[in-house]
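> only geometry, no sequence info:
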(Lines give C-alpha, C1' and ligand atoms only; values in the text may rest on other atoms or scores of the structure.)
Protein backbone atom coordinates (compact mmCIF):
# COMPACT_ATOMS: atom_id res chain seq x y z
CA UNK A 1 0.00 0.00 0.00
CA UNK A 2 1.60 3.28 -1.11
CA UNK A 3 0.68 6.01 1.38
CA UNK A 4 0.89 9.79 1.11
CA UNK A 5 -1.21 12.31 3.07
CA UNK A 6 -3.99 9.84 3.89
CA UNK A 7 -4.51 10.49 7.60
CA UNK A 8 -8.31 10.56 7.27
CA UNK A 9 -8.44 7.29 5.31
CA UNK A 10 -5.44 5.18 6.33
CA UNK A 11 -6.81 3.50 9.44
CA UNK A 12 -10.01 2.42 7.68
CA UNK A 13 -8.00 1.08 4.74
CA UNK A 14 -5.61 -0.82 7.02
CA UNK A 15 -8.49 -2.26 9.08
CA UNK A 16 -10.17 -3.57 5.91
CA UNK A 17 -6.93 -5.37 4.96
CA UNK A 18 -6.17 -6.85 8.38
CA UNK A 19 -9.75 -8.09 8.68
CA UNK A 20 -9.33 -10.35 5.63
CA UNK A 21 -9.57 -14.02 6.60
CA UNK A 22 -6.77 -16.08 5.05
CA UNK A 23 -5.63 -19.64 5.61
CA UNK A 24 -1.91 -18.89 5.42
CA UNK A 25 0.37 -16.13 6.74
CA UNK A 26 -0.01 -12.58 5.50
CA UNK A 27 1.50 -9.14 5.97
CA UNK A 28 0.69 -5.55 5.05
CA UNK A 29 3.62 -3.49 3.76
CA UNK A 30 3.07 0.27 3.81
CA UNK A 31 5.31 2.37 1.56
CA UNK A 32 5.41 5.73 3.33
CA UNK A 33 5.84 8.90 1.29
CA UNK A 34 6.82 12.23 2.88
CA UNK A 35 3.37 13.09 4.28
CA UNK A 36 2.69 16.45 5.90
CA UNK A 37 -0.61 15.68 7.64
CA UNK A 38 0.41 13.19 10.35
CA UNK A 39 -0.04 10.09 8.18
CA UNK A 40 3.47 8.77 8.87
CA UNK A 41 3.02 9.07 12.63
CA UNK A 42 -0.33 7.27 12.37
CA UNK A 43 1.25 4.47 10.32
CA UNK A 44 3.91 3.94 12.97
CA UNK A 45 1.25 3.76 15.70
CA UNK A 46 -0.71 1.19 13.72
CA UNK A 47 2.45 -0.88 13.16
CA UNK A 48 3.21 -0.85 16.87
CA UNK A 49 -0.15 -2.50 17.59
CA UNK A 50 -0.06 -5.21 14.90
CA UNK A 51 3.09 -7.09 13.91
CA UNK A 52 1.58 -7.93 10.50
CA UNK A 53 2.19 -4.32 9.46
CA UNK A 54 5.62 -3.53 8.04
CA UNK A 55 6.88 -0.11 6.95
CA UNK A 56 9.21 0.93 4.14
CA UNK A 57 10.21 4.40 3.01
CA UNK A 58 9.16 5.96 -0.30
CA UNK A 59 10.96 9.33 -0.29
CA UNK A 60 10.20 9.87 -3.99
CA UNK A 61 6.45 9.79 -3.12
CA UNK A 62 5.61 8.27 -6.53
CA UNK A 63 3.14 5.38 -6.51
CA UNK A 64 5.09 2.87 -8.67
CA UNK A 65 8.28 3.54 -6.69
CA UNK A 66 6.42 2.87 -3.45
CA UNK A 67 4.77 -0.24 -4.86
CA UNK A 68 8.10 -1.68 -5.94
CA UNK A 69 9.69 -0.91 -2.57
CA UNK A 70 6.84 -2.67 -0.79
CA UNK A 71 6.96 -5.66 -3.14
CA UNK A 72 10.72 -6.06 -2.65
CA UNK A 73 10.22 -6.00 1.12
CA UNK A 74 7.37 -8.54 1.03
CA UNK A 75 7.88 -12.24 1.72
CA UNK A 76 4.97 -14.15 0.14
CA UNK A 77 4.15 -15.62 -3.31
CA UNK A 78 1.07 -13.48 -4.03
CA UNK A 79 0.99 -9.68 -4.06
CA UNK A 80 -2.34 -8.02 -3.22
CA UNK A 81 -2.14 -4.38 -4.24
CA UNK A 82 -4.22 -2.14 -1.99
CA UNK A 83 -4.81 1.59 -1.81
CA UNK A 84 -4.92 3.92 1.18
CA UNK A 85 -7.94 5.72 -0.32
CA UNK A 86 -10.05 2.57 -0.52
CA UNK A 87 -11.37 -0.34 1.55
CA UNK A 88 -11.48 -4.05 0.68
CA UNK A 89 -14.82 -5.83 0.99
CA UNK A 90 -14.95 -8.74 3.47
CA UNK A 91 -13.66 -11.92 1.86
CA UNK A 92 -11.91 -10.01 -0.93
CA UNK A 93 -8.45 -11.58 -0.56
CA UNK A 94 -9.74 -15.11 -0.03
CA UNK A 95 -11.95 -14.98 -3.13
CA UNK A 96 -9.16 -13.39 -5.19
CA UNK A 97 -6.78 -16.21 -4.30
CA UNK A 98 -9.44 -18.77 -5.19
CA UNK A 99 -10.00 -17.03 -8.53
CA UNK A 100 -6.26 -17.09 -9.22
CA UNK A 101 -6.22 -20.84 -8.65
CA UNK A 102 -9.45 -21.48 -10.58
CA UNK A 103 -8.53 -19.47 -13.70
CA UNK A 104 -4.74 -19.82 -13.75
CA UNK A 105 -4.57 -16.05 -14.34
CA UNK A 106 -1.50 -13.99 -13.55
CA UNK A 107 -3.45 -11.05 -12.17
CA UNK A 108 -7.00 -10.84 -10.83
CA UNK A 109 -8.95 -7.67 -10.14
CA UNK A 110 -12.47 -6.67 -9.18
CA UNK A 111 -14.86 -3.76 -9.34
CA UNK A 112 -14.24 -0.27 -7.98
CA UNK A 113 -17.30 0.86 -6.00
CA UNK A 114 -16.87 4.59 -5.47
CA UNK A 115 -18.66 6.09 -2.47
CA UNK A 116 -18.86 9.46 -0.76
CA UNK A 117 -19.98 11.33 2.36
CA UNK A 118 -20.51 14.92 1.25
CA UNK A 119 -22.79 15.95 -1.64
CA UNK A 120 -19.69 16.74 -3.73
CA UNK A 121 -17.98 13.42 -3.01
CA UNK A 122 -21.21 11.52 -3.66
CA UNK A 123 -21.58 13.27 -7.02
CA UNK A 124 -18.01 12.28 -7.95
CA UNK A 125 -18.69 8.71 -6.81
CA UNK A 126 -21.77 8.47 -9.04
CA UNK A 127 -19.70 9.75 -11.96
CA UNK A 128 -17.05 7.10 -11.26
CA UNK A 129 -19.68 4.37 -11.14
CA UNK A 130 -21.35 5.49 -14.37
CA UNK A 131 -20.20 4.59 -17.91
CA UNK A 132 -20.55 8.29 -18.71
CA UNK A 133 -18.03 9.34 -16.09
CA UNK A 134 -14.99 7.19 -16.86
CA UNK A 135 -15.75 5.78 -20.28
CA UNK A 136 -17.18 2.41 -19.33
CA UNK A 137 -14.00 0.66 -18.18
CA UNK A 138 -14.86 -2.91 -17.16
CA UNK A 139 -13.83 -2.54 -13.51
CA UNK A 140 -16.21 0.41 -13.02
CA UNK A 141 -19.31 -1.75 -12.83
CA UNK A 142 -19.44 -4.74 -15.17
CA UNK A 143 -21.18 -7.95 -14.10
CA UNK A 144 -19.33 -10.10 -16.65
CA UNK A 145 -16.45 -12.28 -15.47
CA UNK A 146 -13.62 -12.95 -17.87
CA UNK A 147 -10.35 -11.81 -19.41
CA UNK A 148 -9.65 -8.09 -19.08
CA UNK A 149 -7.37 -5.39 -20.40
CA UNK A 150 -6.33 -4.29 -16.94
CA UNK A 151 -7.23 -4.87 -13.29
CA UNK A 152 -8.16 -2.40 -10.58
CA UNK A 153 -5.48 -2.72 -7.89
CA UNK A 154 -4.83 -6.39 -8.66
CA UNK A 155 -3.87 -9.66 -6.99
CA UNK A 156 -0.70 -10.77 -8.77
CA UNK A 157 1.46 -13.88 -8.77
CA UNK A 158 4.92 -12.82 -7.64
CA UNK A 159 6.56 -15.22 -10.11
CA UNK A 160 4.94 -13.27 -12.95
CA UNK A 161 6.30 -9.99 -11.59
CA UNK A 162 9.74 -11.59 -11.46
CA UNK A 163 9.31 -12.63 -15.10
CA UNK A 164 7.98 -9.41 -16.68
CA UNK A 165 9.48 -6.91 -14.25
CA UNK A 166 7.72 -4.85 -11.64
CA UNK A 167 5.99 -1.48 -12.00
CA UNK A 168 7.65 0.96 -14.41
CA UNK A 169 8.98 3.71 -12.14
CA UNK A 170 9.12 6.22 -15.01
CA UNK A 171 5.29 6.24 -15.12
CA UNK A 172 3.48 8.31 -12.50
CA UNK A 173 -0.14 7.43 -13.44
CA UNK A 174 -1.50 4.47 -15.37
CA UNK A 175 1.29 2.26 -14.08
CA UNK A 176 -1.18 -0.60 -13.51
CA UNK A 177 -2.39 -0.50 -17.13
CA UNK A 178 1.20 -0.58 -18.40
CA UNK A 179 2.12 -3.52 -16.14
CA UNK A 180 -0.93 -5.46 -17.28
CA UNK A 181 -0.02 -4.76 -20.90
CA UNK A 182 3.38 -6.41 -20.31
CA UNK A 183 1.71 -9.31 -18.50
CA UNK A 184 -0.62 -9.91 -21.45
CA UNK A 185 2.18 -9.50 -23.99
CA UNK A 186 4.11 -12.21 -22.11
CA UNK A 187 1.24 -14.60 -22.76
CA UNK A 188 -0.43 -14.46 -19.35
CA UNK A 189 -4.05 -13.71 -18.51
CA UNK A 190 -5.48 -10.73 -16.65
CA UNK A 191 -8.85 -11.66 -15.15
CA UNK A 192 -11.81 -9.61 -13.91
CA UNK A 193 -14.04 -11.10 -11.21
CA UNK A 194 -16.95 -8.70 -10.59
CA UNK A 195 -17.72 -10.38 -7.25
CA UNK A 196 -14.52 -8.80 -5.94
CA UNK A 197 -15.37 -5.34 -4.67
CA UNK A 198 -13.30 -2.43 -3.40
CA UNK A 199 -14.78 0.76 -1.97
CA UNK A 200 -12.98 3.84 -3.30
CA UNK A 201 -13.29 7.31 -1.74
CA UNK A 202 -12.90 10.05 -4.39
CA UNK A 203 -11.26 13.43 -3.89
CA UNK A 204 -13.12 15.75 -1.51
CA UNK A 205 -13.03 19.06 -3.39
CA UNK A 206 -13.45 20.41 -6.91
CA UNK A 207 -9.85 21.66 -7.05
CA UNK A 208 -8.39 18.31 -5.97
CA UNK A 209 -10.56 16.51 -8.51
CA UNK A 210 -9.45 18.78 -11.35
CA UNK A 211 -5.77 18.36 -10.47
CA UNK A 212 -6.14 14.58 -10.19
CA UNK A 213 -7.77 14.24 -13.61
CA UNK A 214 -5.38 16.63 -15.32
CA UNK A 215 -2.43 14.53 -14.12
CA UNK A 216 -4.16 11.27 -15.07
CA UNK A 217 -4.90 12.62 -18.54
CA UNK A 218 -1.31 13.77 -19.02
CA UNK A 219 0.01 10.32 -18.23
CA UNK A 220 -2.50 8.66 -20.53
CA UNK A 221 -1.19 10.97 -23.25
CA UNK A 222 2.32 9.79 -22.38
CA UNK A 223 1.16 6.16 -22.64
CA UNK A 224 -0.30 6.91 -26.08
CA UNK A 225 3.10 8.28 -27.11
CA UNK A 226 4.78 5.11 -25.87
CA UNK A 227 2.27 2.42 -26.82
CA UNK A 228 0.07 3.91 -29.54
CA UNK A 229 -2.88 1.78 -30.54
CA UNK A 230 -2.62 -0.45 -27.48
CA UNK A 231 -4.67 2.31 -25.82
CA UNK A 232 -8.45 1.95 -26.15
CA UNK A 233 -10.54 4.41 -28.18
CA UNK A 234 -12.42 5.55 -25.06
CA UNK A 235 -9.31 7.41 -23.91
CA UNK A 236 -9.69 9.80 -26.85
CA UNK A 237 -13.23 10.96 -25.98
CA UNK A 238 -12.28 13.66 -23.38
CA UNK A 239 -9.69 15.39 -25.63
CA UNK A 240 -12.20 15.27 -28.51
CA UNK A 241 -14.72 17.00 -26.24
CA UNK A 242 -12.20 19.66 -25.26
CA UNK A 243 -11.24 20.34 -28.88
CA UNK A 244 -14.92 20.68 -29.77
CA UNK A 245 -15.37 23.21 -26.96
CA UNK A 246 -12.44 25.24 -28.32
CA UNK A 247 -13.83 25.08 -31.87
CA UNK A 248 -17.28 26.13 -30.65
CA UNK A 249 -15.81 29.17 -28.87
CA UNK A 250 -13.92 30.17 -32.02
CA UNK A 251 -16.94 29.69 -34.27
CA UNK A 252 -19.15 31.60 -31.84
CA UNK A 253 -16.71 34.53 -31.76
CA UNK A 254 -16.52 34.61 -35.56
CA UNK A 255 -20.31 34.53 -35.83
CA UNK A 256 -20.78 37.30 -33.29
CA UNK A 257 -18.24 39.46 -35.10
CA UNK A 258 -20.02 38.62 -38.38
CA UNK A 259 -16.83 37.29 -39.94
CA UNK A 260 -18.82 34.12 -40.57
CA UNK A 261 -22.21 34.46 -42.15
CA UNK A 262 -24.66 32.80 -44.47
CA UNK A 263 -23.98 29.22 -45.53
CA UNK A 264 -20.51 29.22 -43.96
CA UNK A 265 -21.98 30.11 -40.57
CA UNK A 266 -24.63 27.42 -40.90
CA UNK A 267 -22.05 24.76 -41.75
CA UNK A 268 -19.73 25.87 -38.93
CA UNK A 269 -22.62 25.58 -36.45
CA UNK A 270 -22.26 21.81 -36.69
CA UNK A 271 -19.62 22.09 -33.95
CA UNK A 272 -22.39 22.90 -31.47
CA UNK A 273 -24.21 19.59 -31.96
CA UNK A 274 -21.82 17.38 -29.92
CA UNK A 275 -21.86 19.93 -27.11
CA UNK A 276 -25.66 20.03 -27.09
CA UNK A 277 -25.76 16.22 -26.95
CA UNK A 278 -23.16 16.19 -24.18
CA UNK A 279 -25.06 18.81 -22.16
CA UNK A 280 -28.25 16.78 -22.44
CA UNK A 281 -26.39 13.66 -21.30
CA UNK A 282 -24.92 15.42 -18.26
CA UNK A 283 -28.29 16.94 -17.42
CA UNK A 284 -30.01 13.56 -17.69
CA UNK A 285 -27.50 12.03 -15.30
CA UNK A 286 -27.97 14.89 -12.81
CA UNK A 287 -31.76 14.61 -12.95
CA UNK A 288 -31.92 10.80 -13.00
CA UNK A 289 -34.51 9.77 -10.40
CA UNK A 290 -33.84 7.44 -7.49
CA UNK A 291 -30.84 6.84 -5.28
CA UNK A 292 -31.87 9.37 -2.64
CA UNK A 293 -29.88 12.14 -4.26
CA UNK A 294 -30.11 15.58 -2.68
CA UNK A 295 -30.51 18.79 -4.73
CA UNK A 296 -26.90 19.77 -3.86
CA UNK A 297 -25.61 16.45 -5.13
CA UNK A 298 -27.51 16.91 -8.40
CA UNK A 299 -26.08 20.41 -8.85
CA UNK A 300 -22.57 19.11 -8.16
CA UNK A 301 -23.06 16.45 -10.83
CA UNK A 302 -23.47 19.23 -13.40
CA UNK A 303 -20.02 20.52 -12.43
CA UNK A 304 -18.25 17.23 -11.67
CA UNK A 305 -18.68 15.49 -15.03
CA UNK A 306 -17.38 18.37 -17.22
CA UNK A 307 -14.53 18.92 -14.74
CA UNK A 308 -13.45 15.30 -14.97
CA UNK A 309 -13.68 15.18 -18.77
CA UNK A 310 -12.20 18.58 -19.62
CA UNK A 311 -9.35 18.39 -17.07
CA UNK A 312 -8.51 14.89 -18.31
CA UNK A 313 -8.69 16.03 -21.94
CA UNK A 314 -6.47 19.05 -21.26
CA UNK A 315 -3.87 16.88 -19.57
CA UNK A 316 -4.11 14.26 -22.34
CA UNK A 317 -3.40 16.74 -25.15
CA UNK A 318 -0.40 18.11 -23.27
CA UNK A 319 0.83 14.59 -22.60
CA UNK A 320 0.56 13.60 -26.26
CA UNK A 321 2.21 16.78 -27.57
CA UNK A 322 5.12 17.12 -25.15
CA UNK A 323 5.00 14.06 -22.89
CA UNK A 324 3.95 13.91 -19.25
CA UNK A 325 7.52 14.65 -18.12
CA UNK A 326 7.45 15.23 -14.34
CA UNK A 327 3.67 15.68 -14.03
CA UNK A 328 2.44 14.45 -10.65
CA UNK A 329 -1.00 14.15 -9.08
CA UNK A 330 -0.83 17.36 -7.06
CA UNK A 331 -4.13 16.50 -5.35
CA UNK A 332 -2.18 13.99 -3.22
CA UNK A 333 0.31 16.56 -1.93
CA UNK A 334 -1.92 18.52 0.42
CA UNK A 335 -3.53 17.39 3.64
CA UNK A 336 -6.88 15.65 3.64
CA UNK A 337 -8.88 16.37 6.74
CA UNK A 338 -12.36 15.01 5.95
CA UNK A 339 -12.96 12.19 8.44
CA UNK A 340 -14.73 8.99 7.51
CA UNK A 341 -17.55 7.52 9.57
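Arrived safely, thanks for sending. These figures come from a predicted structure and were not determined experimentally.

> can I assume residue 82 sits in a helix?
No: using DSSP: H, G, I helix; E, B strand; the rest coil, the assignment for residue 82 is coil, not a helix.

> so how far is residue 79 from the residue lying closest to residue 77 once chain neighbours are set aside?
Closest residue to residue 77 apart from its sequence neighbours, by Cβ to Cβ, 6 or more residues apart in numbering: residue 158 at 5.1 Å. Backbone N, C-alpha and C define where each C-beta goes, glycine included. Distance of residue 158 to residue 79, given as Cβ to Cβ, to the nearest Å: 6 Å.

> so for the two, which residue has more residues nearby?
Neighbour count, other Cβ atoms under 10 Å: between residue 158 and residue 79, residue 79 has more, with 20 against 15.

> in contact with the more buried one, which residues?
Shown in contact with residue 79 (Cβ atoms under 8 Å, 6 or more residues apart in numbering): 71, 154, 155, 156, 157, 158, 161.

> the residue nearest to residue 20 when sequence neighbours are not counted and residue 301: what is the separation?
Nearest non-adjacent residue to residue 20, counting by Cβ to Cβ, 6+ apart: residue 93, 4.1 Å away. Counting by Cβ to Cβ, the separation of residue 93 from residue 301 is 34 Å.

> who has more neighbours out of those two?
More crowded of residue 93 and residue 301, by other Cβ under 10 Å: residue 301, with 26 against 21.

> residue 163: neighbour count?
The local packing of residue 163 (other Cβ under 10 Å) involves 14 other residues.

> could you list the buried residues of the lowest-mean-pLDDT helix or strand in the chain?
Lowest by mean pLDDT, DSSP states H and E among the helices and strands of the chain is helix 131-134, with a mean of 82. Neighbour counts over helix 131-134 (16 or more other Cβ atoms under 10 Å) mark 132, 133, 134 as buried.

> same question, stretch 271-291
Buried residues in stretch 271-291, counted by 16+ other Cβ under 10 Å: 271, 278, 282, 285, 286.

> same question for stretch 13-33.
13, 14, 16, 17, 20, 26, 28, 29, 30, 31, 32, 33.

> so which of those residues would you say is closest to residue 120?
Comparing the buried residues of stretch 13-33 against residue 120 with Cβ to Cβ places residue 13 closest, at 20.9 Å.

> next one, pLDDT for that closest one please.
For residue 13, the pLDDT comes out at 95.

> my guess is it contacts residue 53, does it?
No: counting by Cβ atoms under 8 Å, residue 13 sits too far from residue 53 to count as a contact (11.7 Å).
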